[in-house]
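Participant: Model the structure of this input:
(4 chains)
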2 protein chains.
Amino acid sequence: MSGKERLLVRGAQGDLLRLVATGHAESRAQLARVSGLAASSVSLRVEELIDTGLLVEEGSGTSSGGRRPRRLRVSPTAGLLAVADLGAHHARLGLLDLSGVPLVVEERACDIALGPEATLDWMAAAFDELLLAHGPAGVPLRGVGTGIPGPVDPGSGRVVSPSRMPGWNNFPVAEHLGAHYDLPVLVENDANLLAVGEARSWPGFDNLMVLKAGSGIGCGVIVDGRLHRGRGAAGDISHVRVRTDSSTMCSCGHPDCLEAYASGAALMDALSGLGIATRRPADVVALVEDGVPEATALVRNAGRLIGEVLTVLVNFLNPDAIVVGGSLSTAEPLISSIRAAVYERCLPLATRDLEIAVTRGGPDAALLGAGSLLLDAVLS
Amino acid sequence: MSGKERLLVRGAQGDLLRLVATGHAESRAQLARVSGLAASSVSLRVEELIDTGLLVEEGSGTSSGGRRPRRLRVSPTAGLLAVADLGAHHARLGLLDLSGVPLVVEERACDIALGPEATLDWMAAAFDELLLAHGPAGVPLRGVGTGIPGPVDPGSGRVVSPSRMPGWNNFPVAEHLGAHYDLPVLVENDANLLAVGEARSWPGFDNLMVLKAGSGIGCGVIVDGRLHRGRGAAGDISHVRVRTDSSTMCSCGHPDCLEAYASGAALMDALSGLGIATRRPADVVALVEDGVPEATALVRNAGRLIGEVLTVLVNFLNPDAIVVGGSLSTAEPLISSIRAAVYERCLPLATRDLEIAVTRGGPDAALLGAGSLLLDAVLS
DNA sequence: CCATCTTCCTTCGAAATCGAAGATAAAGCG
DNA sequence: CGCTTTATCTTCGATTTCGAAGGAAGATGG
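Facilitator: Have a look, this model is predicted:
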């Protein structure tokens, strides 16, 4: 399993390959339009990429009134990406080709509380298994990436003061993974990956807020089509103070954080206080679907609180859409109460074209996001 | 006063001229570094620009250990920009050269309540006067721009549902100005202009929130060095619900908006309820400086409320700095209580490198911002 | 004062890019 | 079916950009 040869695509070639890989273009003419290069230059570079074996011509697309475009695809033999989305108790792992299409995706149980070394070595072993079982012979691994359920410093690839990851604080995840693989390595917050993955399913929506409502509450922000990281902590909404009657202390030391009322973990706590046992946030959704009133009321309240926080952000960022993902996102009352709160309280100007919807990208969206970001690192 | 000849700078020339004009570079070597072009190409294009009379060489800069750079400047005869910042009762008007340096700035009384036609015609007349009095002979006008104290649709240059501009709703400001001048026209929200202007004074700070605390509360957002508009309404924080004991109705129809407690207008109202008369937000600042306890308490409360709103946005956007401008910004208790609220409640991760400071750009920052944005329109 | 270093700027042949014109392939239509 | 229209892709000479090498001008340090 070598894969040590770096992909050598410099300048315009890289840009074009990236555009095809990310699905922004699939013909020479489209490449010319999207990239801004002259059609003749595009033809030249594409010819080279085909000669190198990185691109392939694959049939023809549908005509729009003239000659049919010759469809371009990234070659299936160009390389593989190994990506993961690490959760508290489960991880999704997959292999993607360079255009981000999954060859195989698996969900496996794990436990991040075992600490970073154990977890990352487990992940590397899982990648090796996947490659052995599903990696086509001769196709090199080009990059490795993973999502982390906590803040990640974009420069160093370290985990920074995560709230539910004992032993991980300040651990150099990227460096550790880089020791296994002499390849580009991506480490990114899970909600950010989800946001990037979702963005692919929302063409024309350049400003997105992607909420990840699972056992925690995360949010990824797409501004102008690109992931907004700020100094690394951007997108955090879980420790915003909410308006409530009661007063609950959050683990961060402040009272009445959103997370303490509206996260999956908080809902499970509240249910267990009512004598209803749940083991995962998805169980809460199941209770709601079964019409258990306590669960529905709690979820509805969570949606209202999340919605009220979002009003501030919608007025401020004025996005094109709010996309709700995560394991709680399938609970219908959550979305509808978020919608109600946002539409009631936001400026009409900010909501007149605002969409509030659930995930379009499917369960692998975060993995696709990892693939998308990795591609940037892989294509020099 | 013709000025009808359009500035013809295509491609790389335009980029280079823009970089010099915006102060991002002032020598060929710096241009090469900043623009990413090869040094040789820069030399060629700069030579052309000098031949055209758009750039001039002006002395030499300070050495950094080697040969001194030959300093480049936009020629004073290259053109003028006429810019304004329209407020409710006053407007600042100025003429800038193409590098954004003011030739003359004046503040004049006006009244936007007279409606858009009257106000804009008054503005055009004022521009003509300024040009006559201070415009060097033979230097053509290249663009016209103005800030508006209300939301502006970026595409059409229309004012959209402003809260304190009777008669302006949906008025096509850009079109109306364009009828006077056959030139690029810029119409933009005043807080956004302030943000762009301030950004010039904060090199290295790519993500900024610029608060304009005057009789209203506005906010301009710089993401990745560029103004973030969203769908045109981005940056609005005035109608966020705040946590208070009492309950006040805002003009927008919702209770307890930030604006109803923390804007200059709200402070003036509250003071007049206490029997203290003020005519402008600046009078409130004067009262604070004179140590009038009622004024200080009100301003401090306003700062706390603004700060609490900012906590949400700081966690979410994770900016490099919060810059406070507007006529209230000189009130020391305002800044300190904003600081206190933000540092107390935000995530340490978000505040560890966060600066909270008052305007660096001076009173003409918004005009400079208008110049900066206009330049993009002027340089094809 | 002179050698050496650093930075700035220019020269010039090689390479990449452009743009206009034409070749190719299909849809639409009488 | 041939004709026009539309869109895609290629060819080729002109233009632009690059990069390596070198010259110019000043800093540094013996």
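Participant: Which strand or helix spans the closest residue to A:L183 other than its chain neighbours?
Facilitator: Closest residue to A:L183 apart from its sequence neighbours, by CB to CB, 6 or more residues apart in numbering or on different chains: A:G143 at 5.4 Å. All C-beta spots, glycine's among them, are computed from the backbone N, C-alpha and C. Assigned by DSSP states H and E, A:G143 belongs to strand A:141-148.
Participant: The closest residue to DNA strand C within the stretch 51-200 of chain A: neighbour count?
Facilitator: Using CB to the nearest atom of the strand, A:R67 is the residue of the stretch 51-200 of chain A that sits closest to DNA strand C, at 3.0 Å. Neighbour count for A:R67, taken as other CB atoms under 10 Å in any protein chain shown: 9.
Participant: Same question for A:I217.
Facilitator: So A:I217, with other CB under 10 Å, has 29 neighbours.
Participant: mind checking how far it is from A:I148?
Facilitator: 16 Å (CB to CB, to the nearest Å).
Participant: Any chance of the backbone angles for the residue of the stretch 51-200 of chain A closest to DNA strand C?
Facilitator: phi -60, psi 140 (degrees, to the nearest 10).
Participant: Would stretch A:48-55 count as contacting DNA strand C?
Facilitator: No: Stretch A:48-55 lies out of reach of DNA strand C by CB under 7 Å from any atom of the strand, never closer than 9.0 Å.
Participant: which other residues reach that stretch?
Facilitator: A:7, A:9, A:13, A:16-17, A:20, A:46, A:56-57, A:72-75, A:77-78, A:98 (CB atoms under 8 Å, 6 or more residues apart in numbering or on different chains).
Participant: can you pull the buried residues of it?
Facilitator: A:49, A:54-55 (16 or more other CB atoms under 10 Å in any protein chain shown).
Participant: can you check stretch A:242-254 too?
Facilitator: For stretch A:242-254, by 16+ other CB under 10 Å, it's A:242, A:250, A:254.
Participant: Spit out the contact partners of the last one.
Facilitator: The reference is to A:H254. A:239, A:241, B:345.
Participant: Which stretches in the stretch 151-300 of chain A count as helices?
Facilitator: A:173-180, A:190-199, A:259-262, A:264-273, A:281-289, A:293-317 (DSSP state H, counting those that start in this stretch).
Participant: closest to DNA strand C out of those helices?
Facilitator: helix A:190-199 (26.5 Å).
Participant: average pLDDT across the closest one?
Facilitator: Across helix A:190-199, the average pLDDT comes to 97.
Participant: Show me what that helix is packed against.
Facilitator: Applying 3 or more CB pairs under 8 Å, 6 or more residues apart in numbering or on different chains; DSSP states H and E, we find helix A:190-199 packed against strand A:80-86, strand A:141-148, strand A:208-213, strand A:217-223, strand A:226-227, strand A:321-325, helix A:365-378.
Participant: Which one of these lies nearest to B:R229?
Facilitator: strand A:217-223 (10.6 Å; CB to CB).
Participant: in its sheet, what does that closest one sit against?
Facilitator: strand A:208-213 (antiparallel), strand A:226-227 (antiparallel) (DSSP bridges).
Participant: Flag every residue of chain A that's near DNA strand D.
Facilitator: So far as CB under 7 Å from any atom of the strand goes, chain A lies against DNA strand D at A:27-30, A:39-40, A:43-44, A:46-47, A:63-70.
Participant: Show me these that map onto helices.
Facilitator: A:28-30, A:39-40, A:43-44, A:46-47 (DSSP state H).
Participant: Turn the buried ones among these into a named PyMOL selection, would you?
Facilitator: Per 16+ other CB under 10 Å, the buried members of those correspond to this PyMOL selection:
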select buried, chain A and resi 28+29+30+46
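Participant: quick one: which of the ones in helices among the residues of chain A next to DNA strand D is nearest DNA strand C?
Facilitator: A:S40 (3.0 Å).
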